[in-house]
Every structure is written in structure tokens, then in C-alpha cells.
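Chemist: model this:
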Amino acid sequence: MAAWVFSVFHSRSTSVMVTLYKSLVRSHIEYCSPLWNPTKVGDIQELESVQRTFTSKIHGLQHLHYWERLKVLSLMSLQRRRERYIVMHMWKILHGVTSNDLDVQFTSNPRLGILAKVPSVRKKSALAHQTLYENSFSVMGPKLWNCIPSNIRAITKHESFKHPLTKFLLALPDKPPIRGFTPPNSNSILDW
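Modeler: Below is the predicted model:
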């Protein structure tokens with residue numbers, strides 16, 4: 001899809017390119033992302049390379065490093081956006097907007113706010129199964145939900161929830177793993 005955009009549209013201005021990227025390219029990459037959120041560094045790098053390549057073709061930004069281009073364009077890394085979608089899906093489960101097929105449980109604490117219960121892994125299972133379980137939505141969703149500030153978790157209207165969540169996530173350092181550069185950590189919001 002990105003190659004098609006470059007072949008059909010000759011303008012490389014920031015506004016045109018960002019609009020085309022968000023509507024035609026990123027929407028395909030992010031489809032159903034809470035379900036298939038990759039955790040292997042190589043897979044994350046492969047996905048980020050699409051955004052990295054696309055943003056490097058925007059006029060006036062070619063000289064900037066990918067992490068700097070994200071800031072200039074007010075874009076989140078694809079990894080951060082996938083985690084954002086997971087948190088938004090957790091909000092939908094909490095408020096009954098979507099079904100709770102995984103039986104995610106929430107508790108309310110006067111001091112900590114609404115928290116999701118993180119299910120424990122069975123220690124008897126094989127290590128490969130434990131890793132898959134730890135990276136599944138039923139475990140990652142509650143972990144990500146619990147690291148969001150309690151005042152944001154307490155918001156009851158979806159549109160009112162999305163803006164503060166996005167503002168919070170944009171305030172965190174966003175340095176996803178990309179080929180040739182080692183980030184300070186895994187860039188998950190769990191690490192900040």
C-alpha cells in the first residue's frame with residue numbers, strides 16, 4: 001500500500017503524506033491489533049520499518065532520525081499505538097461496550113482506582129506456553145490497564161477517555177526497537 005501511495009501521489013508535503021499514511025497505510029497495519037500484538041523484537045522492527053520508511057520520504061524530514069520524526073509529526077510508534085488499542089479495549093470491556101469473553105475481572109480500590117486482575121500463569125506448564133500466556137491479551141491487557149494513571153482509568157465516557165490517554169502516552173518517551181539502534185528498554189508502557 002505504501003508503494004502505491006508513493007507511485008500515485010507526487011506531493012511529499014507533510015500534511016498530504018501524513019493524511020495518506022494514516023488513512024491508507026496505517027489502517028491496514030493496525031487492523032485487529034489488540035488480538036495479534038507482536039512481542040518479538042524482530043516482528044516489532046519489521047512493522048516499525050513500514051512507518052520508518054514512509055516518514056523518511058516526507059519532504060524536510062529526511063535528515064531526522066526515526067524517533068525524532070515521530071515527535072515532529074506527533075505520531076506514536078506502531079508498538080505504542082497497539083498498546084493504546086489494548087488499553088482502549090480494556091476500557092470497553094469494563095464499561096460493557098464489548099463482550100468480556102476472557103472474563104477479565106476488575107476491582108475498585110479507593111486509593112488506586114479501578115484495577116484489572118492479572119491472571120497468574122500455571123507454573124507446571126512448559127516455558128514456551130508460559131511465554132505465550134504472558135504475552136496474550138488476557139494478561140497484557142490488565143497489565144497495561146493497571147499502569148495507566150487512575151484519573152484516566154476513572155473516565156466513563158469513551159471520547160473523554162481517548163484524549164487523556166493519548167496525551168499521557170505522547171508524554172512518555174517513544175523509542176521503539178528499529179534495526180541498527182538499541183532502545184533503552186522494550187519501549188512498552190510497562191517499562192516507563
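Chemist: so what touches the host helix or strand of Ser160?
Modeler: Assessed by DSSP states H and E, Ser160 sits inside helix 158-171. For helix 158-171, contacts defined as C-beta atoms under 8 Å, 6 or more residues apart in numbering pick out 74, 76, 80, 83-84, 87-88, 91-92, 95, 97, 148-149, 151-152, 155, 189. Where you see a C-beta, it was placed from the backbone N, CA and C, and this is true even at glycine.
Chemist: just the CA trace of the stretch of helix or strand Ala128 belongs to, in CSV.
Modeler: Ala128 belongs to helix 127-134 when assigned by DSSP H and E. Extracted in CSV, the C-alpha atoms of helix 127-134 (Å, rounded to 0.1, in the frame of the first residue of the first chain):
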residue,chain,number,x,y,z
LEU,A,127,8.2,-22.4,29.3
ALA,A,128,7.0,-21.8,25.7
HIS,A,129,3.4,-22.0,26.9
GLN,A,130,4.1,-19.6,29.8
THR,A,131,5.7,-17.1,27.4
LEU,A,132,2.7,-17.3,25.0
TYR,A,133,0.3,-16.9,28.0
GLU,A,134,2.3,-13.9,29.4
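Chemist: what is the subsequent helix or strand relative to it?
Modeler: helix 137-146.
Chemist: in this protein, which spans are strands?
Modeler: Along the chain, counting by DSSP state E, strands occupy 106-109, 113-116.
Chemist: before we move on, back to that, mind listing which of the contacts of helix 158-171 are in helices?
Modeler: Arg80, Glu83, Arg84, Val87, Met88, Trp91, Lys92, Asn151, Ile152 (DSSP state H).
Chemist: okay, the second one and Ser108: tell me how far apart.
Modeler: The gap separating Glu83 from Ser108 is 23 Å, by C-beta to C-beta, to the nearest Å.
Chemist: more crowded one of the two?
Modeler: Taking neighbours as other C-beta atoms under 10 Å, Glu83 and Ser108 compare with Glu83 leading, 25 against 9.
Chemist: Phe6 contacts Ile58, correct?
Modeler: No: proximity of Phe6 to Ile58 does not meet the contact threshold set by C-beta atoms under 8 Å, at 11.0 Å.
Chemist: which one's more surrounded, the two?
Modeler: Ranked by neighbour count (other C-beta under 10 Å), Phe6 and Ile58 place Ile58 first, with 20 against 14.
Chemist: isn't that one up against Val18?
Modeler: Yes: here Ile58 reaches Val18: they are 7.4 Å apart, a contact under C-beta under 8 Å.
Chemist: overlap in contacts of those two?
Modeler: Contacts common to Ile58 and Val18, judged by C-beta under 8 Å, 6+ apart, are Leu73.
Chemist: now the residue sitting furthest away from the middle of the chain: phi and psi?
Modeler: Centroid-distance maximum for the chain: Lys124 at 31.1 Å, with C-alpha atoms, centre = their mean. With angles defined as degrees, to the nearest 10, Lys124 sits at phi -80, psi -20.
Chemist: quick check: it vs Arg82, distance?
Modeler: Applying C-beta to C-beta to Lys124 and Arg82 gives a distance of 30 Å.
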